[in-house]
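Visitor: predicted coordinates and the sequence they were generated for:
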Amino acid sequence: MSETLKIDKVINNNLVRSYKDGKEVLVMGKGLGFKKQKNDFIDETLIERIYVIEGEENNNYLELLLSNIPYAYVQTTNEIVRYASNSLDKKLDDTIWLGLTDHIYHAIDRAKKGKIIRNALLWEISRFYNHEYLIGKEALNIIEKRHGVKLSDSDAGFIALHIVNAQMDDSIKIQETIELVKQQRKILDIVKYHYGIELNESSIHYDRFMTHIKYFVRRLSKGKELIKEDLGFLEVIKTKYPNEYKCAKRIEEYVQKELNSELTEDEIVYLAVHIRRVIGESA
């Protein structure tokens, strides 16, 4: 039998504080706190979100954030997260709810005041995380439908970053995700400048190369080495594709200098193999 929650404090009509499994939580739902008082049972049919509070500082922050954001924005986030989860066919980490709600609230407020914040990583986001970016574009339609405000493509990129962040297998801050995107762009630039060409973004090998780079920088950020593949042809690759290997070594130099990480020989050769495939379709 599930634990029946009691109200510890009514924050507003849609938000109350309670305790679940011995932990302090904020419970949100339309009309949940209306005409309620301490020790009243919470109507479970009205619950939409339960936020677990870790530490007094987070408690104050969450109460302030959620109590000052109109409930309509929470419902907008609910719809966007449901759409994103269905589109990606995966559950998103609960950390997305607060950050995305906060972003949507302030983005709409800025738009109403005619203030636009340019997303300097929009190109990178739309290329490296195209699926999430397209979800961000649909999120703009949801926001316009619900609030009558049309946000810019820059906001689609920012929303995409929140979605990317919520798919990570460990909890990281949105700023760390932004740094990962910058690193991915730098590695892509190294390849493009090495060969002096634009890559064929419509090719299957380009998509695979982008996927490899994404997981590559994630491993570096967590200090994990490449899971070794059956790459018994190390010397063959070096001999047969010396330019690709040289390009991979340039990436190694960047990783050592800027990211303070070391690559294994397997990783370098694996990069060279991916570079060979993507260059073969772009030359």
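Guide: Thanks, I have it. Note that the coordinates shown come from a computational prediction; the quantities given were computed from them, not determined experimentally.
Visitor: strands along the stretch 151-283 of the chain, start to end?
Guide: In the stretch 151-283 of the chain, no strands are defined using DSSP state E, counting those that start in this stretch.
Visitor: so where's it uncertain?
Guide: Residue ranges of the stretch 151-283 of the chain with pLDDT under 70: 169-172, 225-233, 281-283.
Visitor: where exactly do the helices run in it?
Guide: Taking DSSP state H, counting those that start in this stretch, the helices of the stretch 151-283 of the chain run over residues 153-165, 174-195, 204-222, 234-240, 242-258, 265-280.
Visitor: what's the closest of those helices to residue 23?
Guide: helix 153-165 (23.4 Å; CB to CB). C-betas here are computed from N, CA, C, even on glycine.
Visitor: tell me which other helices or strands that closest one touches.
Guide: Judged by 3 or more CB pairs under 8 Å, 6 or more residues apart in numbering; DSSP states H and E, helix 153-165 is in contact with helix 71-88, helix 95-112, helix 122-128, helix 130-147, helix 174-195.
Visitor: one more time with 7 Å, if that's ok
Guide: helix 95-112, helix 122-128, helix 130-147, helix 174-195 (3 or more CB pairs under 7 Å, 6 or more residues apart in numbering; DSSP states H and E).
Visitor: right, so the helices of the stretch 151-283 of the chain: which one is the most enclosed?
Guide: Across those, averaging neighbours per residue (mean count of other CB atoms under 10 Å) puts helix 153-165 on top, at a mean of 24.
Visitor: tell me the domain ranges of this protein?
Guide: 9-68, 71-165, 174-280 (automatic domain parsing).
Visitor: from the middle of its chain, how far away would the last one be?
Guide: What that stands for is domain 174-280. For domain 174-280, the separation from the chain centroid amounts to 21 Å (computed by CA atoms, centre = their mean, to the nearest Å).
Visitor: for stretch 131-139, same thing?
Guide: 12 Å.
Visitor: go through that stretch and flag the buried ones.
Guide: Using 16 or more other CB atoms under 10 Å as the burial criterion, the residues of stretch 131-139 that qualify are 132, 133, 135, 136, 137, 139.
Visitor: could you do stretch 17-24 as well?
Guide: Quick answer for stretch 17-24 (16+ other CB under 10 Å): 17, 18, 24.
Visitor: related to what we said a few turns ago, export the helices of the stretch 151-283 of the chain to JSON lines and tack on distance to residue 68?
Guide: As requested, these are arranged in JSON lines below (distance: least, CB to CB, whole Å):
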{"stretch": "helix 153-165", "distance to residue 68": "19"}
{"stretch": "helix 174-195", "distance to residue 68": "20"}
{"stretch": "helix 204-222", "distance to residue 68": "33"}
{"stretch": "helix 234-240", "distance to residue 68": "57"}
{"stretch": "helix 242-258", "distance to residue 68": "40"}
{"stretch": "helix 265-280", "distance to residue 68": "47"}
